[in-house]
Structure formats: structure tokens, C-alpha cells
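1. have a look; sequence and predicted model below, questions after that.
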Amino acid sequence: MNNLLEKITGLGERFLKTKALLDIDGKVAEEKKLRLKMSQADFWSDQVAAIKISQAAENLATETKDWLALEKEIKEIEEMAVLLNQENSQELSVEVQKKYEELEAEFARLEFMSLFSGKYDHYNVLLSLHAGTGGVDAQDWAQMLERMYLRFAERKGWQVEILDVNYGNEAGLKSATLRIAGPWAYAYLKSENGVHRLLRNSPFNADGLRQTSFALVEVIPEIKDDETIVIKNEDLRIDVFRSSGPGGQSVNMTDSAVRLVHLPTGITVSCQTERSQHQNKENALNILKSKLFQLAAEKKEETEKKLKGGVKKAEWGRQIRSYFLYGRRLVKDHRTDYETADVEAVLDGDLEPLMEAYLRWEKNN
């Protein structure tokens, strides 16, 4: 019994330490401030600001809800432990042991959140996919990855907006850009930055020959309000064209698609999923701003050796993960050495074990 009481005491101490590390009390206080603003009569007079404040309050509530619930349950089991120490009841001892195991498992799940300590971890994400070498197989692979991330976002209850997509002529897609919005989106998805390799028997040739395909995934935090990033009109070349769908057919009768070229850096951004040219231009500017922020961060990293927040450039030489769809079916992460044989689950968006392994690896490196 003494051992059980010591475990409960230890759980309470670890909980308080992690709760302080994540500043749960500060976030609860911040949510209350936002809710107070939301209760004011003129709150919706500025709808753009109101939506931002409402979303921020909801995100804070989502972040803190489980921690507050666990805190309440830990206090309850501590009271039960005091009673157990007084009564020494076997029946109560079994009940407390069961409850302790449940709370320990819940704490282990929430403790994972303590890995989210990067400067940009709470940001939304701009995720771009680019088919690499491998022809139509690579384009199909890029679309498989797109589906994988869409399923992951769906599991998390996040919002996804497809900002740009360039379909392949036969199958799959050549490139796509997604905006993924949700609590700690960048913290989770930064693990996906790099080259993903697929090895399988190709469904696109009659002999079903073994094919290796590559796709590049670029993940950057979405930067909207950084005043240090200034885009001058004279630094932009703006092209407009008609949106295209699978097989290259036009999906809009007007030149609504927008391509921005940032002349000083050569960065090119396209958006074509909205029917409004104005909305596509606005989305493209937001992506460009985030890419310029990333570029500035990389330059800073070169001089400081380490950038707080972990913004890393995705390059073709940075192969991070392999997916084997023949023989001994396997997904293997080359950074963490984490591997799983449940390939179907991974491709269906079950990515959290891979992401957790990456975050623990990142913290120790």
C-alpha cells in the first residue's frame, strides 16, 4: 500500500511540474480575458478581429481542458489515498490502484504536449507537396501523401484548405499546397519536412515492376502578422491564368488563378483553387510571406547555428522516411529509427507515433 501512495504522490508532483512548464494557468487566464472581450456589446463590430479572438479562445480552451480535468481527478485520488491510509480497505485499495493506472496513462498522453516547446509550434501550417523522380508513379505517390495528411487533419479535427493543386496528366498530382489550421499544427507536422520515398510494385506498368518514387514535403509555419516581412509591389511579378483540373482541363472560364514571382529571391507561389482572383492573390501573398519568413529564418540559422523553433528547409537530399509496400511491408523513419509494419494505418493518417518519436528525437539532438 505504501508503494501505491508513493506512486500517487509522485504522479501529483510530475503533473504540477509539467503543468507549470506548459503554463496552463496562464492560458486559462488568457482565455478568460478573451471571453470577457467576446461578451462586450460591440465585439462583432470588427468581424475579422472578432473571428481571430474567438478562434484563439477556442484553441486555448482545447489546450487546457484535459489538463484541468486531470488535475481535478488527481486531487480526488489523493483524497482517496488519504482515506485508504486511514481505513486500509482491500476493496478501496483495488479501486485506487485501478484509478491510478488510468490517471498515469492519461498523464503520459498529456505529457507528450510538453514536447511542444518550439517558438512556432502553435502556428498553423502551410504544407506543400512536390512529386519528384519516378514519373507518374511519383505523381501518384504525391497524391497518396496528400490523402495521408488530409486524413491526419480529419482525425485531429483540424481545418484544411487546398490553396493550390497542379494535377498530373495521367494520374496523381505534380504539386499541391495545403493550409492546415488547428492547435499545435506546426508542432505535429514539422516532422514531415523532407523527402518521402516509396518502394512498391508499380500499378502503372503491365509487368508490375518494382518502382522507387520520391516526393518532397515542405512544412512551414504560416506567418501572417510578422511586421518584419515587407513585400514591396515593385518586387513582385504577378501572372494570371485559368485554373486547371485533372488532365489539364480548365475548371474556370476566367483568369482567376494567380502566380506571384518575388523578383529579389526568385520564390514563386501559385494559387488557383478559389473562383475569385482577389482571393487567390491574397492566399498567394500569405504563402509568399511565410516563405520569405522561412528564408530569413534560415539565414539567421546559418549565423547562429541553431534557430529556435526548428524551422528547417526541406531539400531533395534530405530523405527522412521510406515506405515499403512489397515484401516485408514497413514504414521506417531514418532520423529516429522508428518503424512500423502497419503501412495501411500510416497511409490512412495514423501518424502520431511517428511524430512523437520525431519530437522526442528532436528534443535530445
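-> Yep, that arrived. Everything numeric in this text was worked out from a predicted model, so none of it was measured.

2. could you list the low-pLDDT ranges of the stretch 251-365 of the chain?
-> Along the stretch 251-365 of the chain, segments meeting pLDDT under 70 span 251-254, 300-317.

3. all the strands of it, in order from the start?
-> 257-262, 267-271, 319-324, 330-333, 339-340 (DSSP state E, counting those that start in this stretch).

4. for the fourth one, buried residues please.
-> Neighbour-count burial for strand 330-333, counted by 16 or more other C-beta atoms under 10 Å, picks out 330, 331, 333. Every C-beta, even on glycine, is put in place using the N, C-alpha and C of the backbone.

5. and which of these is nearest to residue 117?
-> Closest approach to residue 117 among the buried residues of strand 330-333 (C-beta to C-beta): residue 333, at 20.8 Å.

6. let me have the buried residues of strand 330-333 in TSV, extended by distance to residue 125.
-> Converted to TSV, these look like this (distance: C-beta to C-beta, whole Å):
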residue	distance to residue 125
330	27
331	21
333	19
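
7. closest one of the residues you listed to residue 209?
-> Nearest to residue 209 among the buried residues of strand 330-333, with distances taken as C-beta to C-beta, is residue 330, at 19.9 Å.

8. the closest one contacts residue 324, correct?
-> Yes - counting by C-beta atoms under 8 Å, residue 330 sits close enough to residue 324 to count as a contact (4.5 Å).

9. mind listing the shared neighbours of those two?
-> residue 343 (C-beta atoms under 8 Å, 6 or more residues apart in numbering).

10. what ranges do the helices span in this protein?
-> Taking DSSP state H as the criterion, the chain contains helices spanning 2-21, 24-38, 47-87, 90-111, 135-156, 185-189, 277-304, 343-347, 352-363.

11. looking at these, which is buried most?
-> helix 185-189 (a mean of 25; mean count of other C-beta atoms under 10 Å).

12. touching that helix from outside, list them.
-> Here helix 185-189 has contacts from 115-116, 118, 120-125, 127, 149, 156, 158, 180, 219, 221, 351-352, 355, 359, using C-beta under 8 Å, 6+ apart.

13. ok, residue 163 - how many residues close by?
-> Number of residues near residue 163 (other C-beta atoms under 10 Å) recorded here: 23.
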